[in-house]
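**Q** Here's my sequence, what's the structure:
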Amino acid sequence: MALHPDAAHAVAKYAAGTKVFSPGYDIATAREQARAVTRQERKEPVAEVRDLDADGVPCRFYGPPGCESRALIIHLHGGGFVFNDVEVHDGFSRRLANRSGMAVLSIGYRRPPEHRFPAAPDDVDTVLGWLDRVGEFAGADVFVHGDSAGANLALVAALRHPGRFAAVALVYPFLDPTAGFDSYRDAVGFDVREADWYWRQYAATEADLENPDLAPLLSDNLDTLPATLVVTAEHDPLRDEGEHLAHRLGEEGVEVVAARCLGMVHGFYRHPEAFVAAEPLMRQVTGFLQQHSGS
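**A** Numbering: from 1, shown residues only. So this is what the prediction gives:
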């Protein structure tokens, strides 16, 4: 399928922007610009929003109106590990809570280049340990969800903590530091140079690029995963690595559902105002999680 008109518009806008690998690229300014855009967005009301300190890791809790479910979704934001934060994903997290009818905990993990691997997955571990102690969600179904780099962290969390999650939902996961799949050659949007820049910001050493906690396709424990949803976008450079993961999970006997969003590009999921496909995907993700909740 050709690019959807929404995707074509996004690709043209991306092409006109400064690339992260450009000399002198200012990470701090780019982060602030993303927060500034977020402040202009319309945000859905939720019944409860709380900023929390989970043993030093900042998190934001969202409780949807009339929530009777004891389930909790751990949300890990995308942004190439480097960009975005709890504030940038605030509107998304509100929609996730409202559509699912479940509480959402958005984790503000540490980001490179200030804090390189394994700071981010270690922060997720810290939050999970904190959750075990606070007791508010004792006995609840806990899910883990992420997009792009956040999907990498969600997958790693599930691999580090077998049996901890009721299900995993991954949207266009960023998994392969080698950029070895064909979709890097025939997709649009960001390219190999940008992907390599993100991995180089994240990894502290060359050896990290072969660590399954950074590159989870190298894991020998994929068979330990719970029910997993993997969603890719047709024109995304990350398409093939996500679909390779889905095939691997099926071969390992994991209950896996895989879907490809035709005509779409990387990043569309978080922007329902710009992509007509974003809201239906949100409904698919939350429906999958609801299906695996006993609450």
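
**Q** Please spell out which residues along the helix or strand where His9 lies are buried.
**A** In this structure, His9 sits in helix 5-15 according to DSSP states H and E. Of the residues in helix 5-15, 6-7, 10-11, 14 count as buried by neighbour count, 16 or more other Cβ atoms under 10 Å. C-betas here are computed from N, CA, C, even on glycine.

**Q** and after it, which helix or strand comes next?
**A** As assigned by DSSP H and E, the chain's next helix or strand after helix 5-15 is helix 27-39.

**Q** Show me the contact partners of that following helix.
**A** With contact meaning Cβ atoms under 8 Å, 6 or more residues apart in numbering, helix 27-39 is reached by 20, 79, 82-85, 87-88, 90-91, 113.

**Q** and it, average pLDDT?
**A** Average pLDDT, helix 27-39: 95.

**Q** buried stuff in the least confident helix or strand in the chain by mean pLDDT?
**A** The helix or strand of the chain with the lowest confidence, counting by mean pLDDT, DSSP states H and E, is helix 183-186 at a mean of 92. Neighbour counts over helix 183-186 (16+ other Cβ under 10 Å) mark 183-184 as buried.

**Q** how near is Asp85 to Asp223?
**A** Note on Asp85: its distance to Asp223, by Cβ to Cβ, to the nearest Å, is 33 Å.

**Q** Of the two, which one has the most company?
**A** With neighbours defined as other Cβ atoms under 10 Å, Asp85 and Asp223 compare such that Asp85 has more, 20 against 13.

**Q** Dihedrals phi and psi, the more buried one?
**A** Asp85 adopts backbone torsions of phi -160, psi -170, taken as degrees, to the nearest 10.

**Q** next one: Lys43
**A** Backbone geometry at Lys43, expressed as degrees, to the nearest 10, gives phi -120, psi 130.

**Q** Isn't it up against Gly91?
**A** Yes - with contact defined as Cβ atoms under 8 Å, Lys43 and Gly91 form a contacting pair (4.8 Å).

**Q** Okay, now the unreliable bits of the chain?
**A** Residue ranges of the chain with pLDDT under 70: 1, 67-69, 295.

**Q** ok, which stretches of it are strands?
**A** 48-54, 57-63, 72-76, 103-107, 142-147, 167-171, 227-233, 256-261 (DSSP state E).

**Q** can I get those in a markdown table with mean neighbour count and distance to Ala28?
**A** Listed next are those as a markdown table, based on neighbours: other Cβ atoms under 10 Å; distance: least, Cβ to Cβ, whole Å:
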| stretch | mean neighbour count | distance to Ala28 |
| --- | --- | --- |
| strand 48-54 | 14 | 22 |
| strand 57-63 | 19 | 18 |
| strand 72-76 | 26 | 22 |
| strand 103-107 | 26 | 21 |
| strand 142-147 | 28 | 23 |
| strand 167-171 | 28 | 27 |
| strand 227-233 | 25 | 29 |
| strand 256-261 | 19 | 32 |
